[in-house]
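*Asks:* just coords:
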């Protein structure tokens, strides 16, 4: 019987939805296939996340010595940091198969019951974006995680009967980009919770060197440093930019990815030195030029750049806030001094409101000068 997770593991299902291209950390369908070829297959080959990797290694080794499936694992963090890769590595380290699905695909409790009943002893069930699982299925999952048993309801109304169904011991690996949306009962049933962190440039260079070897790309040290510096601390973005730079190097240069080639290629693809793409800069330009630095609501900002509010809020804002270029205040979005400097615009003088309860920035003259009134809202 076909189930929702009957698909080849080489498909690299990530579950995240969004735009392909640019430097968004969300993956498209075609990109997942490429990612699967670049994914590590063991914890030894996994680059970055040293704390999570070390903790997970202890959990898996202890389970193997006891001859029992390990505790259920929850991996949380922004898209593109390796949650799916770690889920596949768990199955590889345990020597079992990994069944893959996603939270939005589980709409009914019967869907989940069918998946669980088809698991072999020791299998790993990976649910990406687990915070989006339907509530009836989530409640069914509680008993399955604790007692390896589910109650299948047959019939409707007064004649409905609950039939207990024993399932094989398994390990659930859940991945989420929004851990705060998980319900307390579900979160408490995970024995290990790993928080994925953004990568340092040196770690991204290791990722790029490994990917370059697998792709057959001649990548110099300064070329990898240039790409890593524009990758937003995200391996998925680093690999995506490497593939685009490779195309440029093969067509416009001698095939070697040097710093100069990487700079020219990334300029062509509208990725600047901080990793901002066209949409990111459009948001900042609208905020700085059209609205004088803010504050302005996200809906108005989205209309100004011709995008949906969700796109601006979920795709652009997280990195802009993390890079210190944009701030969220109760009154709306405001541009920081760093945003003005990055775009090459002079700081406002003589009463330009940049947020705060009537606060005014009096035109600092050097980068990094005080702008405390910016956050007084």
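*Replies:* Good, I have the coordinates. Every value quoted in this text rests on a predicted model; they were computed, and no experiment measured them. Residues are numbered from 1 along each chain as shown.
*Asks:* hey, let's count contacts and neighbours off CA atoms from now on
*Replies:* Fine.
*Asks:* any chance you could map the strands in this protein?
*Replies:* Taking DSSP state E, the strands of the chain run over residues 73-76, 98-102, 124-128, 149-154, 161-166, 171-176, 192-195, 218-219, 256-257, 326-329, 332-335.
*Asks:* next one: the second one to chain centre, how far?
*Replies:* For strand 98-102, the separation from the chain centroid amounts to 17 Å (computed by Cα atoms, centre = their mean, to the nearest Å).
*Asks:* quick one: mean pLDDT for it?
*Replies:* Strand 98-102 comes out with an average pLDDT of 88.
*Asks:* same check on the last one?
*Replies:* Regarding strand 332-335, the rounded mean pLDDT is 86.
*Asks:* got a list of contacts for that strand?
*Replies:* 284, 287-288, 293-298, 325-328, 354-355, 374 (Cα atoms under 8 Å, 6 or more residues apart in numbering).
*Asks:* identify the spatial nearest neighbour of residue 133, chain neighbours not counted.
*Replies:* Leaving aside its chain neighbours, residue 133 sits nearest to residue 103 (4.1 Å; criterion: Cα to Cα, 6 or more residues apart in numbering).
*Asks:* that neighbour is in contact with residue 129, isn't it?
*Replies:* Yes: assessed by Cα atoms under 8 Å, residue 103 is found in contact with residue 129 at 5.3 Å.
*Asks:* that older thread, wait, what's in contact with the residue nearest to residue 133?
*Replies:* Contacts of residue 103 (Cα under 8 Å, 6+ apart): 127, 128, 129, 130, 131, 132, 133, 134.
*Asks:* what is the most widely separated pair among those residues?
*Replies:* The most widely separated members of the contacts of residue 103, counting by Cα to Cα, are 128 and 134 (13.1 Å).
*Asks:* neighbour count for the two, which is higher?
*Replies:* Neighbour comparison, residue 128 and residue 134: the larger count goes to residue 128, with 28 against 17 (by other Cα atoms under 10 Å).
*Asks:* what's the spacing between that one and residue 99?
*Replies:* Distance, residue 128 to residue 99, using Cα to Cα, to the nearest Å: 11 Å.
*Asks:* residue 299 now?
*Replies:* For residue 299, the distance to residue 99 equals 39 Å [Cα to Cα].
*Asks:* what's the pLDDT at residue 301?
*Replies:* pLDDT, residue 301: 83.
*Asks:* that one reaches residue 285, doesn't it?
*Replies:* No: checked against Cα under 8 Å, the pair residue 301 and residue 285 is beyond contact range at 10.2 Å.
*Asks:* the more surrounded of these two?
*Replies:* residue 301 (25 against 21).
*Asks:* tell me the contacts of that one?
*Replies:* For residue 301, the contact set (Cα under 8 Å, 6+ apart) comprises 283, 286, 287, 309.
*Asks:* mind checking which of these are buried?
*Replies:* The neighbour count (16 or more other Cα atoms under 10 Å) marks 283, 286, 287, 309 as buried among the contacts of residue 301.
*Asks:* how is this protein divided into domains?
*Replies:* 9-195, 201-268, 278-375 (automatic domain parsing).
*Asks:* ranking these by burial, who's on top?
*Replies:* domain 201-268 (a mean of 20; mean count of other Cα atoms under 10 Å).
*Asks:* average pLDDT for that one?
*Replies:* Domain 201-268 carries an average pLDDT of 90.
*Asks:* first-to-last residue distance for it?
*Replies:* 22 Å.
*Asks:* how far does it sit from its chain's centre?
*Replies:* 20 Å.
*Asks:* one more: stretch 78-88?
*Replies:* 8 Å.
*Asks:* check stretch 199-217 too.
*Replies:* So, by Cα atoms, centre = their mean, the centroid of stretch 199-217 is 18 Å from its chain's centroid.
*Asks:* what residue ranges in the stretch 1-150 of the chain score low on pLDDT?
*Replies:* 1-36 (pLDDT under 70).
*Asks:* now the helices: where do they sit in it?
*Replies:* 29-38, 50-66, 83-94, 109-117, 135-147 (DSSP state H, counting those that start in this stretch).
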